[in-house]
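> Build me a model:
(one chain, ligands or ions: 1)
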Amino acid sequence: MASPPDTSKTTKLERYNSYIRRVNNTKLLAASSKLLFRVTLLVALVLIFFFTLNYPPLSDNPHHIHTTQNFLSSAFYGGGNNWEKKVRHSSTPHRPNGFSVLVTGAAGFVGTHCSLALKKRGDGVLGLDNFNSYYDPSLKRARQNLLAKHQIFVVEGDLNEAELLSKLFDIVPFSHVLHLAAQAGVRYAMQNPQSYVSSNVAGFVNLLEIAKAADPQPSIVWASSSSVYGLNTQNPFSESHRTDQPASLYAATKKAGEEIAHTYNHIYGLSITGLRFFTVYGPWGRPDMAYFFFTKDILQGKPINIYQTQDDKEVARDFTYIDDVVKGCVGALDTAQKSTGSGGKKRAPAQLRIYNLGNTSPVTVGKLVSILESLLNVKAKKHVIKMPRNGDVPYTHANVSLAFKDFGYKPTTDLATGLRKFVKWYRFLYTTHKEEVEGQV
Ligand SMILES: O=C(O)[C@H]1O[C@H](OP(=O)(O)OP(=O)(O)OC[C@H]2O[C@@H](n3ccc(=O)[nH]c3=O)[C@H](O)[C@@H]2O)[C@H](O)[C@@H](O)[C@H]1O
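Numbers count the residues shown, from 1 in each chain. Presented below is the predicted three-dimensional model:
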């Protein structure tokens, strides 16, 4: 007969094991509490660091542009079926052979108008914008709401967030990128030079790096600037004229962008088209631009400065109405050839273009003010002063025959007509007729 199991031994062993388990559990508990405490401390420190980084607010520190959202957005973009669904839905075309376009700077002035125009004709449009505080972010939010009403989703993030951009290209095989995100403004470059380098140079390179590695590679259309003509004295400005004498850092970074575009076209076969915009204005415009803040100041009875050249000549600009510029952007997208590379390798030479998008008839700033006076029915308090030496050029004047030849670009809006539309929008915006404002675009 088999002897019964030695229960006394088993019981001792079990008791011992259970003792060891209890000791281990206690140690584990102590260790995990310590770990939890450290992790919590670390998270708290990281949060304090980021929130401290974004203070003081812009009004206290004009050299800092807020992009708090960037950190927050990059923490969230990694996941979420809902987020991916919105990205896919927004960028899916709704016409045969429609484009799938990533519009950077979509909550900006030109970005909003172009996004709406593309969506309207059935292209898929996904926006990207960092909603920085260079000018009133609530205007950007209003534009974002307008885009949302038209089923355009704007991803909140910065051009320099490589992981975010890669993720977007992983989700969507974009056929085109309309790259309008930039640090704009000629005179602000003296206050915050680094923001120009960060957006217009580093951000552009980051975007091109992602685009060259994408499969398929998208065709790229991007915003350069009339300011690249700098000290050029040949008139009207043609694409073949000198652009190696920029008068501002803004202009220099846009010119750098044109050279960078050449490099990525040459090495990787990216199809790239640069558009030199000439002082674009209109509804939903930028409050940092003269026509916009002149309107505000005239209505508030505040004085405005009208610049003159050092030799007392009037300053003039080839002011270009937004609808004309949108037509130019769409024309450039429609005629952009496919990129020729894949997997980061060039297969054949690719298209590289540059065009002026101007109005072809410069108007003096004095004339701009007198048009505003009659539209607003208020006399401006004018201070005529010498143009500060801050990067401004005395005049701009576009020759657009190249854009006309290649995609039928033909501006049709004179300054008085365009300003009338702007003033109508401006009055609505500031008298809370939001619905009507949104109906205008
Ligand atoms: O074509 C471009 O590539 C650029 O266009 C725009 O720059 P600019 O042509 O300088 O426009 P904007 O500031 O509206 O000044 C208009 C006129 O008012 C004069 N001006 C300005 C301010 C002032 O207080 N007084 C004044 O006379 C001033 O001397 C100028 O003659 C965009 O902002 C820029 O981002 C870029 O896109």
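> Skip the chain neighbours and tell me the closest residue to residue 164.
residue 157 (4.5 Å; CB to CB, 6 or more residues apart in numbering). Every C-beta, even on glycine, is put in place using the N, C-alpha and C of the backbone.
> scratch that, residue 104
In space, residue 104 is closest to residue 181, 3.8 Å off (CB to CB, 6+ apart).
> in which helix or strand would I find that neighbour?
Residue 181 belongs to no helix or strand when assigned by DSSP states H and E.
> isn't it right up against residue 110?
No: using CB atoms under 8 Å, residue 181 and residue 110 do not qualify as a contacting pair, with a distance of 10.3 Å.
> Hmm, residue 364 is touching residue 313, no?
No: Residue 364 is beyond contact range of residue 313, at 9.3 Å (criterion: CB under 8 Å).
> Between those two, which has more neighbouring residues?
Using other CB atoms under 10 Å as the criterion, residue 364 and residue 313 rank with residue 364 on top: 16 against 12.
> bridging residues for the more buried one?
Counting by DSSP bridges, residue 364 is bridged to residue 316.
> Pull up the residues of the stretch 301-441 of the chain that are close to the ligand.
By CB under 6 Å from any ligand atom, the residues of the stretch 301-441 of the chain that approach the ligand are 305, 306, 307, 315, 317, 365, 387, 392.
> Now the phi/psi pair for the third one, please.
As for residue 307, its main-chain torsions (degrees, to the nearest 10) stand at phi -80, psi 150.
> Not counting its neighbours along the chain, what's nearest it?
Here the residue nearest residue 307, using CB to CB, 6+ apart, is residue 387, at 3.9 Å.
> so the one you found makes contact with residue 310?
Yes: between residue 387 and residue 310 a contact is recorded at 7.2 Å, counting by CB under 8 Å.
> Looking at these two, which is more packed in?
Set residue 387 next to residue 310 and count neighbours by other CB under 10 Å: residue 387 wins out with 18 against 9.
> And residue 326, how close does it get to residue 125?
13 Å (CB to CB, to the nearest Å).
> For these two, indicate the residue with more neighbours.
More neighbours surround residue 125 than the other of residue 326 and residue 125, with 30 against 21 (other CB under 10 Å).
> and the more buried one, that's in a helix?
No: secondary structure of residue 125 (DSSP: H, G, I helix; E, B strand; the rest coil): strand, not part of a helix.
> what's across from it in the sheet?
residue 101.
> Distance check, it against the ligand.
22 Å (CB to the nearest ligand atom, to the nearest Å).
> Hmm, residue 98 and that residue touching each other?
No: using CB under 8 Å, residue 125 makes no contact with residue 98, being 10.0 Å away.
> in the helix or strand residue 406 falls within, what's buried?
Remark: residue 406 resides in helix 401-407, with elements defined by DSSP H and E. Buried positions in helix 401-407, judged by neighbour count with 16 or more other CB atoms under 10 Å: 402, 403, 404, 407.
> now swap in stretch 183-200 and tell me
For stretch 183-200, by 16+ other CB under 10 Å, it's 183-186, 188-189, 192-193, 195-200.
> Equivalent analysis for stretch 143-154, please.
For stretch 143-154, burial by neighbour count (16+ other CB under 10 Å) applies to 143, 144, 146, 147, 152, 153, 154.
> wait, is the second one part of a helix?
In other words, residue 144. Yes: read with three-state DSSP, residue 144 is one of the residues of a helix.
> my read: it touches residue 130, true?
No: using CB under 8 Å, residue 144 is not in contact with residue 130, being 12.0 Å away.
> show me what contacts the residue nearest to residue 307?
Going by CB atoms under 8 Å, 6 or more residues apart in numbering, residue 387 touches 307, 308, 309, 310, 315, 394.
> what residue ranges in the stretch 51-200 of the chain score low on pLDDT?
Low-confidence segments of the stretch 51-200 of the chain, defined by pLDDT under 70, are located at 51-79.
> Can you name the residue of it nearest to the ligand?
residue 184 (3.6 Å; CB to the nearest ligand atom).
> Spatially, which residue comes closest to that residue, not counting chain neighbours?
residue 286 (6.7 Å).
> my guess is the one you found meets residue 107, correct?
No: using CB under 8 Å, residue 286 is not in contact with residue 107, being 11.7 Å away.
> if I've got this straight, residue 98 is in a helix?
No: read with three-state DSSP, residue 98 is coil and lies in no helix.
> Would you confirm that it contacts residue 120?
No: here residue 98 does not reach residue 120: they are 11.6 Å apart, not a contact under CB under 8 Å.
> So between those two, which is more surrounded?
residue 98 (15 against 11).
> Now do the helices in the stretch 251-400 of the chain.
290-299, 322-335, 365-376 (DSSP state H, counting those that start in this stretch).
> Now find how far off-centre stretch 339-354 is within its chain.
Centroid separation for stretch 339-354 versus its chain: 24 Å, with CA atoms, centre = their mean, to the nearest Å.
> Determine how far the last residue of that stretch lies from the first.
16 Å (CA to CA, to the nearest Å).
> who's in contact with that stretch?
Contacts with stretch 339-354, where a contact means CB under 8 Å, 6+ apart, come from 211-213, 215-220, 224, 239, 258, 261-262, 265-276, 332, 336-337, 406.
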